[in-house]
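Enquirer: Provided below are the primary sequence and the corresponding predicted coordinates.
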Amino acid sequence: MSYSNEFKDHLAHPRNAGELSDANAIAEETNPVCGDRIRLSLRVRDGRIEAAKFLAYGCPPTIACGSVMTEVIRSMTTAEALALTRKDLADAVGGLPARKQHAAALAIETLRAALGSNADKELKVS
């Protein structure tokens with residue numbers, strides 16, 4: 001399988017790379033098998049994701065999935081973001097080969113960890 005133009009664009013021009021200085025939800029997850037890592041920082045207000053940035057270390061699909069995830073989740077409610085699946089992210093980058101599905105899974109795990117890290121605060125920091 002060759003990668004889509006959408007995938008190639010996210011790899012060449014990652015969106016929202018870096019960290020948010022005013023993040024109120026942060027998580028970093030690592031794939032124990034391959035060592036890929038994603039760090040996600042979010043600013044969430046009134047149950048809605050206002051901003052998202054990511055840092056990634058790993059294979060090109062991990063970088064592309066981190067990038068597309070930050071675009072997909074912006075303006076979503078936390079409930080909508082928690083309902084995303086790895087298939088949703090893989091589809092958003094135009095598909096991934098079976099052996100690279102772990103990249104989308106890692107991005108989703110990191111998102112869920114970030115949103116879960118402040119669940120007791122209801123993520124309503126203003």
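Expert: Done, it's in.
Enquirer: Report the residue spans of the chain with pLDDT below the cut-off.
Expert: 1, 117-126 (pLDDT under 70).
Enquirer: where exactly do the helices run in it?
Expert: Using DSSP state H, the helices of the chain run over residues 5-12, 60-73, 78-82, 86-92, 101-117.
Enquirer: deepest of those helices, which one?
Expert: Greatest average neighbour count among those goes to helix 60-73 (a mean of 25), per mean count of other Cβ atoms under 10 Å. Every C-beta, even on glycine, is put in place using the N, C-alpha and C of the backbone.
Enquirer: Between the helices of the chain, which one is closest to Val44.
Expert: Counting by Cβ to Cβ, Val44 lies closest to helix 78-82 out of those; the figure is 6.3 Å.
Enquirer: so what does the closest one touch, helix or strand wise?
Expert: Applying 3 or more Cβ pairs under 8 Å, 6 or more residues apart in numbering; DSSP states H and E, one finds that helix 78-82 contacts strand 48-57, helix 101-117.
Enquirer: rerun at 10 Å
Expert: Helix 78-82 sits against strand 37-45, strand 48-57, helix 60-73, helix 101-117, with contacts defined as 3 or more Cβ pairs under 10 Å, 6 or more residues apart in numbering; DSSP states H and E.
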